[in-house]
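Peer 1: sharing a model prediction with you, sequence too.
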Amino acid sequence: MECSRGERLAITLAKETINRSTNRSTTGKLEVDIFELLRDSEYEMGETMCQIMSKGVVAVLGPSASPASNSIISNICGEKEVPYVKVAPEDILKVQFPRFTTLDMRPTNTDISLAVAGLLTFFNSTTSCLICAQADCLLNLEQLLRQFLISKETLSVRMLDDSNDPTPLLKEIRDDKTATIIVDANATMSHIILERASELGMLSVYYTYIFTSLEFSLLRLDDVVEQQVNIVGFSVFNQTHPFFQDFVLSLNRSWQENCDHAPFAGTPLSSALLFDAVYAVVAAVQELNRSQNVGATQLSCKSSKIWEHGTSLMNYLRMVELEGLTGHIEFNSKGQRSNYVLRIMQNSKDGLRQIGLWHSEGGLSMERKLPSINVTDTLFNTTLTITTILENPYVMLRPNHQELEGNDRYEGFCVDMLKELADILKFKYRIRLVGDGLYGVPGANGSWTGMVGELISRKADLAVAGLTITAEREKVIDFSKPYMTLGISIMYRVHLGRRPGYFSFLDPFSPGVWLFMLLAYLAVSCVLFLVARLTPYEWYNPHPCLKGRCNLLINQYSLGNSFWFPVGGFMQQGSTIAPRALSTRCVSGVCKNITSFHPNRALSPISIHTHPFSHPPRHPLKTLQCLLLSGGPSH
């Protein structure tokens, strides 16, 4: 046998097992003809299918990986009404009306997208990144992309270039501070991505990797088993199946005999699917054979003759329910797998372990104990990078620090606390002073400086210092509970006033308010002057009884009087000028309302500014007991 993925061996094992367990005198004997394509050619596939039909078959299985041949097989089987059980991945270009004779053994891309979306929701990942090894990744995970379009979460998509080097791509993800990475690639490329991620320090507790390939069990995780990274994938294998262990041993034995140059990676999904496909076809034929005598008919591609039992067999195939190597086998009306489970697998020191299930009907169901992880186990034999700052008495340099190296150069309360924690939790640490010598403040572009910035950029795992807990810092990093309290630094604080200046009366309002009040004063005065000039009722004769001055008219609202009238109202002293016309009375009324409000508002707090020591403290505190009895500190 040649070195391959074991498809031929899987079909042979299924045939031998079925022939041993069935009664040949009543049910007949199972025969399987295997055709191998040397290249993925539609013309060659068409010629091969015509040869298959001429021999007479009850079903066509496969191929495992031949995208150009799937449509040819489906069309020919549809024309001849011969069942076609497909184990290849789902076609990229979906047919609006698929052939009735086609059955898909693999889970659909829509189900995989929903399973990935369920994991993202479970891990509470608001920002994720999708790494695509091939261009058809976006079409395969179309349902996942649609869910992100209607949600508040963010998903960035990055495509591998022709060099297939994921290093630049992973650097961009690291700089974007994306912690959840979805990988859509085969087992070989997925292992390369993990190797490059390990070189960049991206295999740590800060990252979560979700692999969409159903051959997650073939991924070699020996290099990352000791690293505390969360790697999650999917599997459809039913390891409780009675024949599963024998199936794996047979594949392993065959691999060792024909592939001595490489170790056995694991059970390929295509081999298990072909094994289950043979059992599904045999189960349907046995059920159909109870009502009618089923026999293969030789068909020709040049004639329009069809197989008379094809439609009946397809109906029975859609009613098949059995437990196979890939779990529960059942099909819906579209010929797709239904009522099955995807097992959620996670890496661990003991290999892959199951942490949950995704059911095609019920959705995601995770174990309750997850993600409660023993902190002692996660920190065991792990080296943490500690960022700190020199501050007495927390972290200090020893007098002879120039003669020492590493953590021995430092002393202080934080250093002693780290030693005790390391002895209890069995972890190692490396103390490193913060580069810019700052605690951490936000910048204009949203970045942080100091120790907070190093924690956000993951240059450090832990910051140990006298770091003040603020609301802004709590939004970006997590704080431990305060481990030290220094008591009451201020028991009572008396307000220290200042002596009033010459312009203290301007303190109640800001300069902007005073400026607008000045503009309002000028505007009211000018409007009053213009209105008084325009109305005829403001023009009068001061001496109507004097002869020779009957035509003498004056206006009391001169420019000076117009500016003086609002001042009198503002000072609440009134004015000897009384408006005569209705228009001027309206303007003066508006002016009175404004000037009656602002002086009261401005003069009321002046006493507070000018007499800061007029009210002594009513409850002076002398001891800590007095502070507790008074209701606690207020600052």
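Peer 2: Looks like it arrived, so ask away. Residues are numbered from 1 along each chain as shown.
Peer 1: tell me how far residue 250 lies from residue 243.
Peer 2: 10 Å (Cβ to Cβ, to the nearest Å). Just so you know, the C-beta spots here come from the backbone N, C-alpha and C atoms, and that holds for glycine as well.
Peer 1: now do residue 357
Peer 2: Counting by Cβ to Cβ - residue 357 and residue 243 are separated by 22 Å.
Peer 1: what do you get for residue 304?
Peer 2: In terms of Cβ to Cβ, residue 304 sits 41 Å off from residue 243.
Peer 1: the two - which one has more neighbours?
Peer 2: A direct count of neighbours by other Cβ atoms under 10 Å for residue 304 and residue 243 places residue 243 higher, at 15 against 8.
Peer 1: wait, the more buried one sits on residue 279?
Peer 2: No. Proximity of residue 243 to residue 279 does not meet the contact threshold set by Cβ atoms under 8 Å, at 9.8 Å.
Peer 1: doesn't residue 234 make contact with residue 115?
Peer 2: Yes. Using Cβ under 8 Å, residue 115 and residue 234 qualify as a contacting pair, with a distance of 6.4 Å.
Peer 1: need the overlap of contacts for these two.
Peer 2: 342, 344, 358 (Cβ atoms under 8 Å, 6 or more residues apart in numbering).
Peer 1: what's the closest of the residues you listed to residue 198?
Peer 2: residue 344 (23.0 Å; Cβ to Cβ).
Peer 1: tally of neighbours for residue 115?
Peer 2: A total of 25 residues lie near residue 115 under the criterion other Cβ under 10 Å.
Peer 1: please save the CA atoms from the helix or strand hosting it in PDB.
Peer 2: Using DSSP states H and E, residue 115 sits in helix 109-122. Taking Å, rounded to 0.1, in the frame of the first residue of the first chain, the C-alpha atoms of helix 109-122 are listed here in PDB:
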ATOM      1  CA  ASN A 109     -19.500  25.600   6.600                       C
ATOM      2  CA  THR A 110     -22.500  27.300   8.000                       C
ATOM      3  CA  ASP A 111     -22.500  25.000  11.100                       C
ATOM      4  CA  ILE A 112     -18.700  25.600  11.500                       C
ATOM      5  CA  SER A 113     -19.300  29.300  11.400                       C
ATOM      6  CA  LEU A 114     -22.000  29.100  14.000                       C
ATOM      7  CA  ALA A 115     -19.800  27.000  16.200                       C
ATOM      8  CA  VAL A 116     -16.900  29.500  16.000                       C
ATOM      9  CA  ALA A 117     -19.400  32.400  16.800                       C
ATOM     10  CA  GLY A 118     -20.600  30.400  19.800                       C
ATOM     11  CA  LEU A 119     -17.000  30.000  21.100                       C
ATOM     12  CA  LEU A 120     -16.300  33.800  20.600                       C
ATOM     13  CA  THR A 121     -19.400  34.600  22.700                       C
ATOM     14  CA  PHE A 122     -18.400  32.100  25.400                       C
END
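Peer 1: just how off-centre is that helix within its chain?
Peer 2: Remark: helix 109-122 is offset 13 Å from the chain centroid, using Cα atoms, centre = their mean, to the nearest Å.
Peer 1: can you mark which positions in it are buried?
Peer 2: 109-120, 122 (16 or more other Cβ atoms under 10 Å).
Peer 1: C-alpha coordinates for the next helix or strand after it, CSV please?
Peer 2: Downstream of helix 109-122, the next assigned helix or strand under DSSP H and E is strand 127-132. These are the backbone C-alpha positions of strand 127-132, laid out as CSV (Å, rounded to 0.1, in the frame of the first residue of the first chain):
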residue,chain,number,x,y,z
THR,A,127,-12.2,41.9,19.2
SER,A,128,-11.0,39.0,17.0
CYS,A,129,-8.8,38.4,14.0
LEU,A,130,-9.3,35.8,11.2
ILE,A,131,-6.3,34.4,9.5
CYS,A,132,-7.1,33.0,6.1
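Peer 1: and the end-to-end length of stretch 81-89?
Peer 2: 22 Å (Cα to Cα, to the nearest Å).
Peer 1: which other residues reach that stretch?
Peer 2: By Cβ under 8 Å, 6+ apart, stretch 81-89 touches 53, 57-67, 70, 73-74, 77-78, 99, 101-106, 140, 270, 273-274, 277, 280-281, 284, 299, 306-307, 310-311, 313-314, 317.
Peer 1: narrow the residues you listed to those that are buried.
Peer 2: Among the contacts of stretch 81-89, those classed as buried by 16+ other Cβ under 10 Å are 53, 57-64, 66, 70, 73-74, 77-78, 99, 101-106, 140, 270, 273-274, 277, 280-281, 284, 299, 307, 310, 313-314, 317.
Peer 1: from the contact counts, what lies against the helix or strand hosting residue 245?
Peer 2: Counting by DSSP H and E, the element that carries residue 245 is helix 244-258. In terms of contacts (3 or more Cβ pairs under 8 Å, 6 or more residues apart in numbering; DSSP states H and E), helix 244-258 is packed against helix 7-21, helix 269-288.
Peer 1: moving C-terminal from the longest one, which element do we reach first?
Peer 2: From helix 269-288 onward toward the C-terminus, using DSSP H and E, the following helix or strand is helix 310-318.
Peer 1: can you give me how far that next one is from the chain middle?
Peer 2: Using Cα atoms, centre = their mean, the offset of helix 310-318 from its chain centre is 44 Å.
Peer 1: which parts of the helix or strand just after that helix are buried?
Peer 2: Downstream of helix 310-318, the first helix or strand assigned by DSSP H and E is strand 322-324. With burial defined by 16+ other Cβ under 10 Å, the residues of strand 322-324 counted as buried are residue 324.
Peer 1: direction included, what does strand 322-324 pair up with?
Peer 2: Partner strands and pairing direction for strand 322-324 (DSSP bridges) are strand 327-329 (antiparallel).
Peer 1: residues touching the strand it pairs with, excluding its own?
Peer 2: So strand 327-329 is contacted by 105, 236-238, 276, 279-280, 320-323, 337, 339-341 (Cβ under 8 Å, 6+ apart).
Peer 1: go through those and name the one nearest residue 353.
Peer 2: residue 237 (13.7 Å).
Peer 1: please give me every residue in contact with the closest one.
Peer 2: Residues in contact with residue 237 (Cβ under 8 Å, 6+ apart) are 217, 244, 267, 272, 325-327, 343.
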